[in-house]
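Trainee: next input, structure requested:
(one chain, ligands or ions: 1)
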Amino acid sequence: MAHSEPSASKAVDGGLSEEFAVPTHAEDVRKLMAEFAEHHGSAGRRVVLITSGGTKVPLESRTVRFLDNFSSGRRGASSAEYFLDSGYAVIFLHRHRSLYPYTRLYAGVNLLDSLQSESVKEDAGQILVDQNALPNIAKVLKRYQAVKAAGLLLPVEFNTLSEYLHLLKAAAQALSSIAMFYLAAAVSDFYIPAYEMPEHKIQSSNGPLQISMKMVPKMLSPLVKDWAPKAFVISFKLETDPSILLERARRALETYNHQAVVANVLDTRRGYVVVVTKDTQQELVLTDEEVQEEVEIEDRIVSNLTAAHSQFMSQV
Ligand code: 9Z3
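Mentor: Numbering: from 1, shown residues only. Below is the predicted model of the structure:
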């Protein structure tokens, strides 16, 4: 127990910097994001910050065990591709090793099974790719390389909840008013503060484990009010019980006063979401046929939100 309990006075960020140590690279990342936004903004391009993947909450300072929030990262990674297709520059704040734009299409493929070297000299620096193992690889590679060459995708990684929160704050401070925030990451509501965390691995010889966790400060509040008051902010609401989904989404919108909540249920999230705004409620649904044809619901979500972003910007 290395730290003392923080003082009662909470900063504007709900006590973020008091309760979570600032990662050493946060300031460098903030500068990178600011340069990226400035560069693309001055070229007249819109910028979106996408958060993706689940946060990790340590239970011990020298962490052996942690609590993870479920998210494969597919929502964030595929949305990034659709935003890029729509002309946005994308900051992709994602959980280390969660799904990544373009490579996500081959996430299930064993790399070594997709290569052939028999017919090529090993030292010639060339290996053949089996295009059957990697469907559409030529097309996907072309899209990926075009995005890379134009510098349109800035990847930033997080692992822990603490890194996520500080990097989100850094992003909010770095981005100008034209930005969209698309907060698809699955973020823990609970954590153990550093001053209550055991240093060493919890011993099973001490019997059954009882954990008491604190509520995570709600970053959406300072983000909307203080850090990026002119931005277009979209949060995601995940439930497992469909009967409370819309009420929870509406409540989030009223509490934080941002632009929209994309509401989804864990089991049906690939084919059904509701985009909730102050005055509207729009269901986006994929038909069975569309699912067969591999249409992705993120295509619909992104078209819906980019149109709403245009309207939002024309009003300011
Ligand atoms: C979501 O609801 C995302 O749509 C999913 C996407 C995590 C379900 P996958 O990554 O899944 O494609 O496998 N994200 C938000 C989850 C969340 O933690 N929301 C908080 C809440 O619901 C508010 S920020 O309370």
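Trainee: show me the helices in the protein, by range?
Mentor: The residue ranges that make up the helices of the chain, judged by DSSP state H, are 16-19, 26-42, 74-85, 137-149, 161-174, 220-222, 242-256, 288-292, 297-315.
Trainee: return the residues of the stretch 51-200 of the chain in contact with the ligand.
Mentor: By Cβ under 6 Å from any ligand atom, the residues of the stretch 51-200 of the chain that approach the ligand are 71-75, 183-184, 186-187. The C-beta positions use only the backbone N, C-alpha and C, and glycine is treated the same way.
Trainee: can you give me the strands for the stretch 151-300 of the chain?
Mentor: Ranges of strands in the stretch 151-300 of the chain, per DSSP state E, counting those that start in this stretch, are 153-158, 180-183, 190-191, 214-215, 232-239, 260-265, 272-276, 281-285.
Trainee: tell me which other helices or strands the longest one touches.
Mentor: Strand 232-239 makes packing contacts with strand 180-183, helix 242-256, strand 260-265, helix 297-315 when contacts are defined by 3 or more Cβ pairs under 8 Å, 6 or more residues apart in numbering; DSSP states H and E.
Trainee: okay if I get the helices of the chain as CSV plus mean neighbour count and distance to residue 51?
Mentor: As requested, the helices of the chain are arranged in CSV below (neighbours: other Cβ atoms under 10 Å; distance: least, Cβ to Cβ, whole Å):
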stretch, mean neighbour count, distance to residue 51
helix 16-19, 18, 16
helix 26-42, 16, 13
helix 74-85, 24, 7
helix 137-149, 13, 19
helix 161-174, 23, 7
helix 220-222, 18, 11
helix 242-256, 15, 15
helix 288-292, 11, 26
helix 297-315, 17, 14
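Trainee: of all those helices, which one comes closest to residue 282?
Mentor: Shortest distance between residue 282 and these, using Cβ to Cβ, is found for helix 297-315: 6.7 Å.
Trainee: before we move on, back to that, got TSV for the strands of the stretch 151-300 of the chain, with mean pLDDT too?
Mentor: Written out in TSV, the entries for those read as follows (pLDDT from 0 to 100):
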stretch	mean pLDDT
strand 153-158	98
strand 180-183	98
strand 190-191	97
strand 214-215	95
strand 232-239	98
strand 260-265	98
strand 272-276	98
strand 281-285	98
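Trainee: make JSON lines from the ones you listed and add distance to residue 98 and mean neighbour count to it.
Mentor: Formatted as JSON lines, the entries for the strands of the stretch 151-300 of the chain read as follows, by distance: least, Cβ to Cβ, whole Å; neighbours: other Cβ atoms under 10 Å:
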{"stretch": "strand 153-158", "distance to residue 98": "9", "mean neighbour count": "20"}
{"stretch": "strand 180-183", "distance to residue 98": "15", "mean neighbour count": "26"}
{"stretch": "strand 190-191", "distance to residue 98": "19", "mean neighbour count": "19"}
{"stretch": "strand 214-215", "distance to residue 98": "24", "mean neighbour count": "11"}
{"stretch": "strand 232-239", "distance to residue 98": "15", "mean neighbour count": "22"}
{"stretch": "strand 260-265", "distance to residue 98": "17", "mean neighbour count": "24"}
{"stretch": "strand 272-276", "distance to residue 98": "19", "mean neighbour count": "20"}
{"stretch": "strand 281-285", "distance to residue 98": "23", "mean neighbour count": "13"}
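Trainee: check residue 126 and give its pLDDT.
Mentor: According to the per-residue confidence, residue 126 scores 80 in pLDDT.
Trainee: quick check: phi and psi on it?
Mentor: Backbone torsions of residue 126, given as degrees, to the nearest 10, read phi -130, psi 140.
Trainee: please tell me how far it sits from residue 142.
Mentor: Here residue 126 is placed at a distance of 19 Å from residue 142 (Cβ to Cβ, to the nearest Å).
Trainee: over to residue 196?
Mentor: Taken as Cβ to Cβ, the span from residue 196 to residue 142 is 51 Å.
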